[in-house]
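1. One predicted model, sequence on top.
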Amino acid sequence: MFKKLLPILLLFLVTSPFAAHGIGGLNLIAQSKDPAVLTLTASLQAKFNELHKTASFPGATIGFVLPDGRSGSVSVGLADTENRIALKPADRMLAGSIGKTYVSAITLQAVQEGKLDLDAKIERWLGSESWFPRLPNAKDITLRMLMNHSSGIPEHVLNKDFIAALKKDPDRVWKPHELIAYILDAKPLFAAGQGWSYADTNYILVGMIFERVTKKTVYGEVARRILKPFKLERTIPSDRRILPQLITGYSMPNSPFGFEGRVIIDGKFIINPQMEWTGGGFASTAEDLARWAKLLYEGKVLKQEMLDQMLAGVAANEGRGSGAGNKYGLAVQIRPSDWGVSYGHGGWFPGYRSEMEYFPQNKIAVAVQFNTDDARAMKKGLRSYIADAMRIILGEIEKKKAA
């Protein structure tokens, strides 16, 4: 959710048998039967303890998957600053817009099965809706344009009336058409297919199309097609105000949602995260996100032809997609890095920031999660934290080769 935000939201930054956790900068590393992985997690722990001391974020988790599939995670800081509860690698956080990658994957599986056509006009599936003619660029948009954000549809999430309604009734369960209503009759940002602008609204429409065609729910199919077969057991839908083992996040000052501080009070989220739906819609851990990135971008989820379609990006030249050479595919950020092109996605939800990144030249995936959305508290971008982890991982791999 909310990958493109106000200018202040600049792009910065499961339990494992070898996970590490602790409080403040003092962390304890669990014993592992794999000496190489234990050495790696110890090095990561030391580095991120050091980074935590120089910043002011409450806590963070870092997950990784090595070329051979071994995975692990470490954590620093606090899950709850008021009660001084240590953050653990298995603690869930909201993953924000990273949830679009699950929605994209099952939608592309439906394309593989002949149920959907990426280049068909969405009028085919939604044209009978009474509101459809009021949708910006309605008759010209294809499914592909929704999925790569080239539809010209504006964002509903930061609409002041939507935010007011969300806060007025935090128990409200939002229906997809109620979300779409906030952008009806709006002027298109550009002609369909002639620009790029990130909007959760695009993926609300994707979810509606998927459910209409398959007669299945998005959450049910993500569980059946992805979470269960690949044993991503720490990833769950964020479809209610009380979510199991979800730690509180801390919302930044001047949040567009108008609240600051902890976002879970007495076990309940202060708004209903259900409203995110297919704009994001999942809680997870850094290790599960890293595992998911490696599975997805190594072709374990989609056939090669469909993976190629996912990774065929358009220029992403605004918001969090900004930057020289950055592209956006079908729910994938395609970006240059110190280790060649990388594939991944970032996510923001009030109180949380997440980033997952896969480096195909090295066959390594890394993900980070922070239980704050305050970029100033992080001191640097999320991808910089991932780069710190990559240098340590590659350094340990080289040491092992040289030994």
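-> Noted; the coordinates are in hand.
2. residue boundaries of the helices in the stretch 151-300 of the chain?
-> 160-168, 176-180, 200-214, 218-222, 286-297 (DSSP state H, counting those that start in this stretch).
3. ugh, typo on my part, it should be the stretch 301-403 of the chain
-> Counting by DSSP H, counting those that start in this stretch, the helices of the stretch 301-403 of the chain are 304-310, 375-378, 382-402.
4. Using CSV, list the CA coordinates for the last one.
-> Coordinates of each C-alpha in helix 382-402 appear next as CSV, following Å, rounded to 0.1, in the frame of the first residue of the first chain:
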residue,chain,number,x,y,z
LEU,A,382,15.8,1.0,3.3
ARG,A,383,17.8,-0.1,0.2
SER,A,384,20.9,1.2,2.0
TYR,A,385,20.2,-1.2,4.8
ILE,A,386,19.8,-4.0,2.3
ALA,A,387,23.1,-3.0,0.7
ASP,A,388,24.8,-3.2,4.1
ALA,A,389,23.4,-6.8,4.5
MET,A,390,24.5,-7.7,0.9
ARG,A,391,28.1,-6.7,1.6
ILE,A,392,28.3,-8.8,4.7
ILE,A,393,26.6,-11.8,3.0
LEU,A,394,28.9,-11.7,0.0
GLY,A,395,31.9,-11.1,2.2
GLU,A,396,31.1,-14.3,4.2
ILE,A,397,30.6,-16.2,1.0
GLU,A,398,34.0,-15.1,-0.3
LYS,A,399,35.6,-16.1,3.0
LYS,A,400,34.1,-19.5,2.8
LYS,A,401,35.4,-19.9,-0.8
ALA,A,402,38.9,-18.9,0.2
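5. Distance from that helix to the middle of the chain?
-> 22 Å (Cα atoms, centre = their mean, to the nearest Å).
6. avg pLDDT for the helix or strand hosting residue 50?
-> According to DSSP states H and E, residue 50 maps onto helix 35-54. What helix 35-54 shows for mean pLDDT is 92.
7. Packing partners of it?
-> On a contact count with 3 or more Cβ pairs under 8 Å, 6 or more residues apart in numbering; DSSP states H and E, helix 35-54 meets strand 20-23, strand 26-29, strand 59-65, strand 71-80, helix 382-402. C-beta here means a position set from N, CA and C on the backbone, and glycine is covered the same way.
8. I would like the residues contacting the last one, please.
-> Okay, so that is helix 382-402. Applying Cβ atoms under 8 Å, 6 or more residues apart in numbering, the external contacts of helix 382-402 come out as 11-13, 36, 39-40, 43-44, 47-48, 51, 60, 62, 64, 66, 335, 337-339, 346, 353-355, 357, 359, 362, 364, 366-368, 370, 378.
9. Give me the PyMOL select line for those, limited to the buried ones.
-> Restricted to buried positions by 16 or more other Cβ atoms under 10 Å, the PyMOL selection for those reads:
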select buried, resi 11+12+13+36+40+43+44+47+48+51+60+62+64+66+335+339+346+353+354+355+357+359+362+364+366+367+368+370+378
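10. So for residue 148, which of the helices and strands packed on helix 35-54 sits nearest?
-> Closest approach to residue 148 among the helices and strands packed on helix 35-54 is made by helix 382-402 (20.7 Å; Cβ to Cβ).
11. returning to what we had before: would you point to the one among the helices of the stretch 151-300 of the chain that's packed deepest?
-> helix 286-297 (a mean of 28; mean count of other Cβ atoms under 10 Å).
12. Check the secondary structure at the residue nearest to the spatial centre of the chain for me.
-> When Cα atoms, centre = their mean is applied to the chain, the residue found nearest the centroid is residue 98 (1.8 Å). Here residue 98 is recorded as helix under DSSP: H, G, I helix; E, B strand; the rest coil.
13. Next up, the contacts around it.
-> By Cβ under 8 Å, 6+ apart, the residues touching residue 98 are 280, 282, 284, 289, 345, 346, 347, 354, 356.
14. Please identify which of the helices of the stretch 151-300 of the chain is closest to residue 144.
-> Nearest of those (Cβ to Cβ): helix 200-214, 10.3 Å.
15. Fine, thanks again, bye for now.
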